[in-house]
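Q: Sequence isn't available, so here's the structure alone:
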């Protein structure tokens, strides 16, 4: 195999690796999910009627999201 073919192979593997990494990152990132999907995921994990403190602990600990404020009257 010539040097040129080896270099091209390495470049192709690097490009494919970067593309695969970005696709996986996009699919797994909560920042790319719509509000509807995030709401659905939260309701699946904590159905209506769950104590607000349990939901807040889940959001802070598992999802690592920062909570700026909470409306305790409306949820």
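A: Received the coordinates, thanks. Being a predicted model, the structure only gives us computed values, none of them experimental.
Q: quick one: buried residues of the helix or strand harbouring residue 21?
A: Assigned by DSSP states H and E, residue 21 belongs to helix 3-28. Within helix 3-28, no residue is scored as buried using 16 or more other C-beta atoms under 10 Å. Bear in mind the C-beta positions are built from the backbone N, C-alpha and C, glycine included.
Q: mean confidence score for it?
A: For helix 3-28, the mean pLDDT works out to 93.
Q: which element follows that helix toward the C-terminus?
A: Next element after helix 3-28 (DSSP H and E): helix 35-45.
Q: Show me how far that next one is from its chain's centre.
A: On the basis of C-alpha atoms, centre = their mean, to the nearest Å, helix 35-45 sits 13 Å off its chain's mean C-alpha point.
Q: That one - contacts with which helices or strands?
A: Where contact means 3 or more C-beta pairs under 8 Å, 6 or more residues apart in numbering; DSSP states H and E, helix 35-45 is packed against helix 52-61.
Q: can you give me the angle the helix it packs on makes with helix 35-45?
A: Per axes from the mean of the first three to the mean of the last three C-alpha atoms, to 10 degrees, the angle that helix 52-61 makes with helix 35-45 is 120 degrees.
Q: what sits up against helix 52-61?
A: 42, 45-46, 65-67, 70, 72, 75 (C-beta atoms under 8 Å, 6 or more residues apart in numbering).
Q: 6 Å - rerun?
A: Residues outside helix 52-61 that contact it (C-beta atoms under 6 Å, 6 or more residues apart in numbering) are 46, 65.
Q: So which bits of that helix are buried?
A: 55, 59.
Q: in the chain, which residue is closest to the centre?
A: residue 29 (2.1 Å; C-alpha atoms, centre = their mean).
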